[in-house]
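J.: Quick one: sequence plus predicted model below, questions after.
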Amino acid sequence: MNGITRMTEFEIQATSENSLTLAVSGRIDSVTAILFRHAMQEAVKHARHIILNLSSVDYINSAGLREIVYGYNALQQVHREICIIQPTEQVFESLNMAGLDTLLSVFDRVEDATKRFE
């Protein structure tokens, strides 16, 4: 990356009255996982369901995957769901290797994910 480090950013937006979208960009690794956890906690506090947009995530490791599982477990306790939209190829491979692609619904479009929660 020519010595340039891309910042990891998080944005929470209301998607519908039943869900919100947590859009993540950059890397989710051992350095940024705590920030990801804080964003997930904020989303869990304010949402019925969470749509996790990973279309701009360049890299995710086990620390990031652990935070997705945290969000999944937190929402399951209150009968809510989390789904993923548009994961990059690297992110989808990581989800697949961890078996999370069978635990979580993965969609190509936010509209499809939103329909799940109507």
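T.: Yes, it's here. What you are looking at is a predicted structure, and each value in this text was computed from that prediction instead of being measured.
J.: Next, give phi and psi for Ala98.
T.: Dihedral angles of Ala98 (phi, psi; degrees, to the nearest 10) stand at phi -90, psi -10.
J.: Report the separation between it and Val110.
T.: Applying C-beta to C-beta, to the nearest Å, the value for Ala98 to Val110 is 23 Å. Heads up, the C-betas are built off the backbone N, CA and C, glycines and all.
J.: More neighbours: which of the two?
T.: When Ala98 and Val110 are compared for neighbours, Val110 comes out ahead with 20 against 16, by other C-beta atoms under 10 Å.
J.: Am I right that the more buried one is in contact with Leu52?
T.: No: when contacts are counted by C-beta atoms under 8 Å, Val110 is not listed as touching Leu52 (10.7 Å).
J.: and for those two, which residues touch both?
T.: Both Val110 and Leu52 are in contact with Thr21, Ile85, where contact means C-beta atoms under 8 Å, 6 or more residues apart in numbering.
J.: Determine the set of other helices and strands touching the lengthiest strand in the chain.
T.: Scanning the chain for the longest strand, with DSSP state E as the assignment, gives strand 49-60. Counting contacts by 3 or more C-beta pairs under 8 Å, 6 or more residues apart in numbering; DSSP states H and E, strand 49-60 packs against strand 19-28, helix 33-46, helix 62-77, strand 82-85, helix 89-97, helix 110-116.
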